[in-house]
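Participant: Below is the sequence, then the predicted model.
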Amino acid sequence: MFERKKLYCAGLLQWVGKLPVIGRALRSLARRYEEGSETIVAVGYASGARWKRYHRYVSGYWLGQYELPIQETIIRLLGSESRVFDVGANAGFFSLVAAKKVGRGGWIVAFDPLKENAECIAEQFRINSLSNCHVDQRALANKDGWDEFSFDSPGSATAHLGIPATGESSITVRTTTLDSAAEKWGIPTFIKLDVEGGEVRVLEGATKLLEMPGVVWLIELHNPDCARDVTGILRKNGYDICDLKGRPLRGESEDRHIVASKPA
């Protein structure tokens, strides 16, 4: 009952925040908090966790209502011994959600190549005493090496590998593949993949992992071409594809997110 009440509050807060006048007022209030101040996440599946605020990130992280359907899916798919790769972790919010479910029985590795993001993630892990959660400051791609990484501002949630678009800056970052990451950290049982359109390149670097049963993927699809190519790779490797509610998807996905799993 208590958990349901917190989720209801999270949904209500999310809805209220979309109202133009109230939303602007809430965002204005959020900006008054001191940079780097700590709070307790009040609602959602990360409720009760500590969070260090940074104004470069969305307030929905520390409020707890950010992308509730994704939070719900992560909690539904994880167990107490799950091993998680959070690819494109940004500030580490979904890693913190996963940590609430995994507990001490599993582990989490959060990948993000931006220095500001990696430092924030490490700080969230530290203040929550999550010794089984780790940060890997590399971008996931189809090769180990170096590549250009573009973003519109430090901490951006839309940062991506590749040449910068108008108004973006870029830096050179280290890249690795999921297969190489699995050799370093261990084989994950769950991979959350959100790399702003670079998902195909990440899958191209996961040929060994894609062959293994028992790895569940939660993938954000950023455009129709990405959706076609990602689902094509997954089906070629024997994966069943569902929406966030677990309903099978037969053709090309029109959903923004998919869940993929391979029968044993």
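Facilitator: Received it, and whenever you're ready, just let me know what you need.
Participant: Near the nearest residue to Asn237 once chain neighbours are set aside, how many other residues are there?
Facilitator: Closest residue to Asn237 apart from its sequence neighbours, by C-beta to C-beta, 6 or more residues apart in numbering: Leu210 at 4.4 Å. To be clear about C-beta, it is placed using only N, CA and C from the backbone, and glycine gets the same treatment. Using other C-beta atoms under 10 Å, Leu210 is surrounded by 21 other residues.
Participant: Now for Leu210: which residues touch it?
Facilitator: Each residue near Leu210 by C-beta atoms under 8 Å, 6 or more residues apart in numbering is listed here: Leu203, Ile233, Leu234, Asn237, Tyr239.
Participant: wouldn't Lys101 be in contact with Ile74 here?
Facilitator: Yes. Counting by C-beta atoms under 8 Å, Lys101 touches Ile74, with 7.1 Å between them.
Participant: Which one's more surrounded, those two?
Facilitator: Ile74 (24 against 19).
Participant: Report the next helix or strand after whatever helix or strand that one lives in in sequence order.
Facilitator: Counting by DSSP states H and E, the element that carries Ile74 is helix 68-77. Using DSSP H and E, the next helix or strand after helix 68-77 towards the C-terminus is strand 83-87.
Participant: Give me the helices and strands touching that next one, please.
Facilitator: helix 93-102, strand 107-111, helix 178-185, strand 190-193 (3 or more C-beta pairs under 8 Å, 6 or more residues apart in numbering; DSSP states H and E).
Participant: can you pull out the helices in this protein?
Facilitator: Here the chain has its helices, by DSSP state H, at 2-17, 20-30, 59-63, 68-77, 93-102, 115-127, 178-185, 199-204, 207-211, 224-236.
Participant: Brilliant, that's me finished.
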